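Enquirer: Take a look and give me a structure for this.
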Amino acid sequence: MTAQHEHCDPAHGCITCGDQALEMRVVAVDSARGLAVCVDDAGRAAEVDTLLVEPTAAGERVLVHARVAIAKVGAGVAA
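Expert: Numbering: from 1, shown residues only. A predicted model of the protein is given here:
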């Protein structure tokens, strides 16, 4: 039997091992380390690698796959 990760939720996806990206909101940024604390719509927080979407600011929404922000979403995103 495998242990379920604290962020695994069969009904809403998993930010660690899911095959889909989840939209999350950036809460705090540590640009020196390329990391941010992000929360999903259920309020679950995770430390996310943001190097692919730098610069990143609190309040922005990003798509997260395997704890890596892979794209920005919402207003102000270049097409």
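
Enquirer: Pass me the low-pLDDT residue ranges in this protein, would you?
Expert: Low-confidence segments of the chain (pLDDT under 70): 1-18, 75-79.

Enquirer: Which stretches in it count as strands?
Expert: Along the chain, counting by DSSP state E, strands occupy 8-9, 13-14, 22-30, 35-39, 45-49, 61-65, 68-73.

Enquirer: need those in CSV with distance to residue 55, can you?
Expert: The C-beta positions use only the backbone N, C-alpha and C, and glycine is treated the same way. CSV is the format used below for the strands of the chain (distance: least, Cβ to Cβ, whole Å):
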stretch, distance to residue 55
strand 8-9, 30
strand 13-14, 27
strand 22-30, 8
strand 35-39, 11
strand 45-49, 14
strand 61-65, 12
strand 68-73, 10
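
Enquirer: Same list, those strands, but as CSV with mean neighbour count please.
Expert: Shown next, in CSV, are the strands of the chain (neighbours: other Cβ atoms under 10 Å):
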stretch, mean neighbour count
strand 8-9, 16
strand 13-14, 16
strand 22-30, 17
strand 35-39, 20
strand 45-49, 17
strand 61-65, 20
strand 68-73, 17
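
Enquirer: mind listing what the residue lying closest to residue 62 once chain neighbours are set aside touches?
Expert: Once flanking residues are discounted, residue 62 sits nearest to residue 69: 4.0 Å by Cβ to Cβ, 6 or more residues apart in numbering. In this structure, residue 69 makes contact with 24, 36, 38, 48-50, 52-53, 56, 62-63, judged by Cβ atoms under 8 Å, 6 or more residues apart in numbering.

Enquirer: isn't residue 56 right up against residue 25?
Expert: No. Using Cβ atoms under 8 Å, residue 56 makes no contact with residue 25, being 11.1 Å away.
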